[in-house]
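> Need coordinates for the below:
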Amino acid sequence: MEQSKSLTDDLGILTAESAEKKLRNDFRVKGMSTALFSGLSYGFYTAFMTLSMSVGIWTVWYGEGSGLSAFATTFLLAAIAAALTDSCSAVWALGIAAARGRLGDVFRSIRTKPGAIIVGAAIIGGPLASTAYVVGLQMAGSIVVPISALCPAIGAILARVLFKQELSPRMMLGIAICFSASVLIGGSAGLADGDTSTVMLGIGFGFIAALFWGVEGCIAGFGTSMIDPEIGITIRQVTSGLTNLLILIPLFAYIGGEDGYAMVFEAVADSESMIFFIVAGLAAYGAFMFWYKGNAMCGAALGMACNGTFSFWGPLCCWLVLGIGFGIAGWTMAPVAWLAAIIMVFGIFVIAMNPMDLFKKGNNQ
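Just a heads-up that it's a prediction; the model follows:
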């Protein structure tokens, strides 16, 4: 009788352990799916923001008879587009927080040290990185997307320099893979039609965006670990939108000799383009929200790697939405660039984790 009871207890323990392992594995897989969806959301954010700048008042501003200076056409318009996208994203974030009764948490958290850190990171990764990203997209097209996806590799290097974090041989291999892929992408620019020098300059702005996003990732790591992702992202998007509207646009308007706020009001009044900015803002909110949520579920390293797949999703979404959906020319990439984007995804995974561990854990669980 006692032996039978002991056997039953052992079976019960094994069953409980198996159930716990299955729950952990299911939670981890769901986290990976969430983080992967963040990369897809980022692709749609890129596509719809670019589409917004291809219709309505934007066709006038980018036209030959617009009267805008070269500086204003390149930088001021990019800052306005980034500001509108981030502001729409901030409105979505505030609306969702209010609907869930968490608006008070946002204002309380922003006064804390982690909140201040997120504000600082948002200033770097929002106006600066986003504007450089938009400039790169306008100059070089979707080829800039995988270049900007170098931010995890740059972030790993900066973490080593700034915070003395370990940079293992595996991580250095991943960084080398990512930068090798970027060289392939840069080389493929010469295969495309158009002004190669402009394309290469656009790729340069893509690198700048990756640098600033890498810095943001280093700074925001502590803040986002102490604040709920939904609250942190709301702080981030509101800060980014306001900084762009209050600092970057006036600065670029002054340099370019234009009335920046008058142009902002014109853009907001243009319903043809604003509908796409609203969609782009929702996609931007989803990109960050699903990234942080996925990180919490499957771990920051794996979440970062899954999010890094936007190096592939970005060009694909641009091709589907802009090229096929709206028939806008210039949103395809050379086959070698597609291959390099996939290679970069692998490199990001190598930086974040040993890819073999993914299979080992799956087998063990």
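> which intervals of the stretch 51-200 of the chain have sub-threshold pLDDT?
162-167, 186-195 (pLDDT under 70).
> Where do the helices of it begin and end?
57-61, 70-71, 77-99, 103-109, 113-123, 129-140, 144-148, 151-163, 169-188, 196-226 (DSSP state H, counting those that start in this stretch).
> residues touching Met274, list them.
Residues near Met274 by Cβ atoms under 8 Å, 6 or more residues apart in numbering: Ser52, Leu84, Ala267, Val268. C-beta here means a position set from N, CA and C on the backbone, and glycine is covered the same way.
> now Gly155
Trp213, Gly214, Val215, Gly217, Cys218.
> And for Thr50?
Counted by Cβ under 8 Å, 6+ apart, Thr50 has contacts Leu137, Gln138, Cys318, Leu322.
> Where does it fall, secondary structure wise?
Remark: Thr50 resides in helix 2-52, with elements defined by DSSP states H and E.
> how near is the residue minimising distance to the centre of the chain to Val134?
Central residue of the chain (Cα atoms, centre = their mean): Tyr42, 5.5 Å from the mean position. The gap separating Tyr42 from Val134 is 14 Å, by Cβ to Cβ, to the nearest Å.
> repeat for Phe310
Distance from Phe310 to Val134, counting by Cβ to Cβ: 15 Å.
> if we can go back for a sec, any chance of the contacts of Gly155 in JSON lines with distance to Ile351 and pLDDT as columns?
Formatted as JSON lines, the contacts of Gly155 follow (distance: Cβ to Cβ, whole Å; pLDDT from 0 to 100):
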{"residue": "Trp213", "distance to Ile351": "14", "pLDDT": "84"}
{"residue": "Gly214", "distance to Ile351": "11", "pLDDT": "80"}
{"residue": "Val215", "distance to Ile351": "16", "pLDDT": "82"}
{"residue": "Gly217", "distance to Ile351": "12", "pLDDT": "71"}
{"residue": "Cys218", "distance to Ile351": "14", "pLDDT": "71"}
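> out of those residues, who's nearest Phe179?
The shortest approach to Phe179 among those belongs to Gly214, at 12.8 Å (Cβ to Cβ).
> who's in contact with the residue nearest to the closest one when sequence neighbours are not counted?
Using Cβ to Cβ, 6 or more residues apart in numbering and skipping residues adjacent in sequence, the residue nearest Gly214 is Ile154, 3.4 Å away. By Cβ under 8 Å, 6+ apart, the residues touching Ile154 are Ala210, Leu211, Trp213, Gly214.
> now with 10 Å?
Going by Cβ atoms under 10 Å, 6 or more residues apart in numbering, Ile154 touches Ile175, Cys178, Phe179, Phe207, Ala210, Leu211, Phe212, Trp213, Gly214, Val215, Gly217, Cys218.
> For Met171, see how far away the third one is.
It stands for Phe179. With Cβ to Cβ as the criterion, Phe179 and Met171 are 13 Å apart.
> Looking at the two, which is more packed in?
Met171 (20 against 14; other Cβ atoms under 10 Å).
> For Gly217, see how far away that one is.
14 Å.
> swap in Val183?
Distance from Val183 to Gly217, counting by Cβ to Cβ: 23 Å.
> neighbour-wise, which of those two wins?
Per other Cβ under 10 Å, whichever of Val183 and Gly217 has more neighbours is Gly217, with 22 against 10.
> hang on, isn't that one packed against Pro152?
Yes. In this structure, Gly217 is within contact of Pro152 by Cβ atoms under 10 Å, at 7.3 Å.
> and the helix or strand hosting Tyr254, what other elements does it pack with?
Using DSSP H and E, Tyr254 sits in helix 249-256. Taking 3 or more Cβ pairs under 10 Å, 6 or more residues apart in numbering; DSSP states H and E as contact, the helices and strands that helix 249-256 lies on are helix 70-71, helix 77-99, helix 260-269.
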